[in-house]
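Undergrad: fold the stuff below for me.
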Amino acid sequence: MNPISVRTVWISDLHLGNKDCKAQYLLDFLNRHTAETIVLVGDIVDFYSMKSSHHWPESHSQVLSLLLKRAHDGTRLIYIPGNHDVAVRDYLKFDFGRIEVRARFEHETVTGKRIIAVHGDEFDNAVCHSRLTEIAGYVGYDFLLFLNRWWARLRRKAGFQYWSLASYIKSKVSSANVAIQRFENAAVQFARRRGADAIVCGHIHHPDIKRLEGTFYFNDGDWIENCTALLEQHDGTIQLIRWTEKSTLLAETDAFVDPEMNRFREEKESIEAA
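TA: Numbering: from 1, shown residues only. The predicted model follows:
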């Protein structure tokens, strides 16, 4: 099967080095897609987890090797460090040749719209009230991932495909939903102050596409719970997909589509159907 060609891929929160990283799904996704630009929106390597455990299977090395190969083959590779790989921010001004390390990255769509990408930990002050709250969140989240890990194993043994128990539980917690809304509003305000038409974030492990007061908010999700990526097709369509045993389209928008390309596609489909 030939790889699917897209214009841009945004992925984040891979958490390589963490036992909950879904590296096999990620490898399959990367092998099935080629892109002109890949934007790594933070928390690619989980140095935070690696301080307390030594988990680095071959699949995690394969992910890094594949990304580097894509860069050497001509894909533009942008790396925006997050809070779990914050040490990489010390090298923002270094020249790594094939890898561009940025604090943030501004992308131009086929219609000339501006999409700014940041990891999202910049907005923690708008979400967390205190250091105690932040620590409690880490402890609770670790337990949630523990439950998710065993739930996934039981489903696999029973012959079912992956389904995130952690995401389901989080969706039922009102305080988590309030925090997500605060994060989204802070991100959109950040984009507006910089004159961008949209913003792409990771960080909170909550994939989404929505429009808030005229500005698009994209969250590309993660590869710990959700196994999601944000794609820009060549005509400008932006899609949020989940990639596990099968590909699932979660959301999309044609707000950034080139009208001429869209008209050409519709005419082509009409001719083929005739």
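Undergrad: would you map the helices across the protein?
TA: 23-31, 47-50, 58-72, 131-157, 165-171, 174-193, 259-273 (DSSP state H).
Undergrad: nearest to E225, of these?
TA: Among those, the nearest to E225 by C-beta to C-beta is helix 165-171 (4.8 Å). All C-beta spots, glycine's among them, are computed from the backbone N, C-alpha and C.
Undergrad: got the buried residues for the closest one?
TA: Residues of helix 165-171 classed as buried: 165-167, 170 (neighbour count, 16 or more other C-beta atoms under 10 Å).
Undergrad: what about D90, distance to P81?
TA: Counting by C-beta to C-beta, to the nearest Å, the separation of D90 from P81 is 9 Å.
Undergrad: the nearest residue to N148 once chain neighbours are set aside: what's it in contact with?
TA: Sequence neighbours aside, A166 is the residue nearest to N148 in space, at 3.9 Å (criterion: C-beta to C-beta, 6 or more residues apart in numbering). A166 sits next to 144-145, 147-148, 225 when contact means C-beta atoms under 8 Å, 6 or more residues apart in numbering.
Undergrad: among these, which one lies nearest to N185?
TA: Of all those, N185 sits closest to E225, with 22.4 Å by C-beta to C-beta.
Undergrad: what about that closest one, how many residues close to it?
TA: 25 (other C-beta atoms under 10 Å).
Undergrad: hang on, the earlier thing: could you flag which of the contacts of A166 are buried?
TA: Among the contacts of A166, those buried by neighbour count (16+ other C-beta under 10 Å) are 144-145, 148, 225.
Undergrad: tabulate these (JSON lines), appending distance to G42 and pLDDT.
TA: Converted to JSON lines, those look like this (distance: C-beta to C-beta, whole Å; pLDDT from 0 to 100):
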{"residue": "L144", "distance to G42": "20", "pLDDT": "80"}
{"residue": "L145", "distance to G42": "18", "pLDDT": "79"}
{"residue": "N148", "distance to G42": "21", "pLDDT": "80"}
{"residue": "E225", "distance to G42": "16", "pLDDT": "91"}
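Undergrad: how about low-confidence regions in the stretch 151-274 of the chain?
TA: Applying pLDDT under 70 to the stretch 151-274 of the chain flags the ranges 261-274.
Undergrad: now the residue nearest to Y162 when sequence neighbours are not counted: how far from A152?
TA: Distances taken as C-beta to C-beta, 6+ apart put T244 closest to Y162, at 4.3 Å, once the chain neighbours are dropped. Distance of T244 to A152, given as C-beta to C-beta: 10 Å.
Undergrad: list residues touching both of the two?
TA: Y162.
Undergrad: tell me the contacts of F190?
TA: Counting by C-beta under 8 Å, 6+ apart, F190 touches 116, 118, 122-123, 199.
Undergrad: tally of neighbours for F146?
TA: 13.
Undergrad: same check, this time on S61
TA: For S61, the neighbour count with other C-beta under 10 Å is 12.
Undergrad: kindly report the same for Y79.
TA: Using other C-beta under 10 Å, Y79 has 23 other residues around it.
Undergrad: right, and it touches R98 too?
TA: No - using C-beta atoms under 8 Å as the test, Y79 is too far from R98 to be in contact (10.5 Å).
Undergrad: any residues in contact with both of the two?
TA: Taking C-beta under 8 Å, 6+ apart as the contact criterion, no residue touches both Y79 and R98.
Undergrad: which residue sits closest to L67, ignoring its sequence neighbours?
TA: Of all residues not flanking L67 in the chain, L77 sits nearest, at 6.5 Å (C-beta to C-beta, 6+ apart).
Undergrad: does that neighbour touch K69 like I think?
TA: No - contact criterion C-beta under 8 Å: L77 and K69 do not qualify, at 10.2 Å.
Undergrad: who has more neighbours out of those two?
TA: The neighbour comparison of L77 against K69 (other C-beta under 10 Å) goes to L77, with 19 against 12.
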